[in-house]
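# predicted model follows, preceded by the sequence.
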Amino acid sequence: MARTLFLLGGGNGIMDAVNREFIEAAGPDPVLALLLQGGPRWESYLPLYIQPWVRRGIQRYHVIVPNEEGTLDSEDAMAKLREATGIFIGGGNTGIYQALYATESIGTILRERYRQGIPVAGLSAGAILASNVSWLLPEESESGSIEVIKGLGLIEGWVIGAHFSEWNALPQVLEVMSKAQVRRGLGIDEEACAVLEDERITRVIGGSVYRIEMTNFETQIYTMEKVFAK
């Protein structure tokens, strides 16, 4: 079974189209898991994720979220991830997601489930965290500058940029690629989704996705091309 990864750039308009394929990939009797960062108003974001599932008849899903103190029940989360046939990692602050879900126990389960063929989708922060090399925006890091951090490691050797054209994220992605010595980058516009099967980009849903290749880390010389559905 192919390992399928849906990397969404961050826009709401693409959710319905992506979920059509995500739910199909989750099997004939799907059990979906949604990973969120929590916070004071986290429930207000639920319809964005849940409504496309309910419209397609999904009856069984788990919402994994930390409590009011920001603490996650790891045993409960791992049990839900082991049951899930599809896993969706939401958007928000990449650092918070990393602290919650890229830990040794939960991160290990996520990698195991993905390698067993369970489809995984990531929106914005969830997409950025999918690679082994992830990064924080200046406003997310304690230093106030771009910070390279360890990602989930579902795929390796990529730097992922979300909201790519809308936030003019190319300079930031290049900086991360240079710092981390990673030659491949992927820029995903808000209303776009890059679909990877067995770690290869096989198609694009929606808008524009860009593949970046860096040939010189010191001078940040690079090439960039738009990825088309194949």
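Yep, that arrived.
# what sits up against stretch 32-41?
Here stretch 32-41 makes contact (CB atoms under 8 Å, 6 or more residues apart in numbering) with 23, 26, 42, 45, 49-50, 53, 58, 60-68, 70, 80-81, 83-90, 92-93, 96-97, 100-101, 125-126. Placement of C-beta: from N, CA and C, glycine included.
# so which of those are in helices?
23, 49-50, 53, 80-81, 83, 96-97, 100-101, 125-126 (DSSP state H).
# list buried residues within the contacts of stretch 32-41.
The neighbour count (16 or more other CB atoms under 10 Å) marks 23, 26, 42, 45, 49-50, 53, 58, 61-66, 80-81, 84-90, 92-93, 96-97, 100-101, 125-126 as buried among the contacts of stretch 32-41.
# show me the strands in this protein, by range?
For the chain, the strands defined by DSSP state E occupy 4-8, 32-35, 61-64, 86-89, 120-123, 133-136, 147-150, 158-161, 184-188, 192-197, 200-206, 209-216, 221-227.
# state the mean pLDDT of the second one.
Along strand 32-35, the predicted local confidence has a mean pLDDT of 98.
# which of the residues in that strand are buried?
Those would be L32, A33, L34, L35, for strand 32-35 by 16+ other CB under 10 Å.
# which one of these is nearest to I118?
I118 lies nearest to A33 out of these, by CB to CB, at 9.2 Å.
# so how far is A26 from that closest one?
Noted for A33: a distance of 10 Å to A26, by CB to CB, to the nearest Å.
# list the residues that contact both of those two?
Joint contacts of A33 and A26 (CB under 8 Å, 6+ apart) are G86.
# give the contact list for K80.
A33, H62, I64.
# so F88 touches A121, yeah?
Yes - applying CB atoms under 8 Å as the test, F88 and A121 come out as touching, 4.6 Å apart.
# related to what we said a few turns ago, output the ones in helices among the contacts of stretch 32-41 in JSON lines; the columns should cover pLDDT and distance to L154.
Shown next, in JSON lines, are these (pLDDT from 0 to 100; distance: CB to CB, whole Å):
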{"residue": "I23", "pLDDT": "98", "distance to L154": "19"}
{"residue": "Y49", "pLDDT": "97", "distance to L154": "19"}
{"residue": "I50", "pLDDT": "96", "distance to L154": "23"}
{"residue": "W53", "pLDDT": "97", "distance to L154": "21"}
{"residue": "K80", "pLDDT": "98", "distance to L154": "18"}
{"residue": "L81", "pLDDT": "98", "distance to L154": "13"}
{"residue": "E83", "pLDDT": "98", "distance to L154": "19"}
{"residue": "I96", "pLDDT": "97", "distance to L154": "18"}
{"residue": "Y97", "pLDDT": "98", "distance to L154": "13"}
{"residue": "L100", "pLDDT": "97", "distance to L154": "16"}
{"residue": "Y101", "pLDDT": "97", "distance to L154": "11"}
{"residue": "A125", "pLDDT": "98", "distance to L154": "14"}
{"residue": "G126", "pLDDT": "98", "distance to L154": "10"}
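# ok, how many other residues are close to the closest residue to N12 other than its chain neighbours?
Spatial nearest neighbour of N12, excluding adjacent residues (CB to CB, 6 or more residues apart in numbering): L48 at 6.0 Å. Using other CB atoms under 10 Å, L48 has 13 neighbouring residues.
# now do G38
G38 has 19 nearby residues by other CB under 10 Å.
# quick check: it vs G95, distance?
13 Å.
# and stretch 94-109, how far out from the chain middle?
For stretch 94-109, the distance from its own C-alpha centre to the chain's C-alpha centre is 12 Å (CA atoms, centre = their mean, to the nearest Å).
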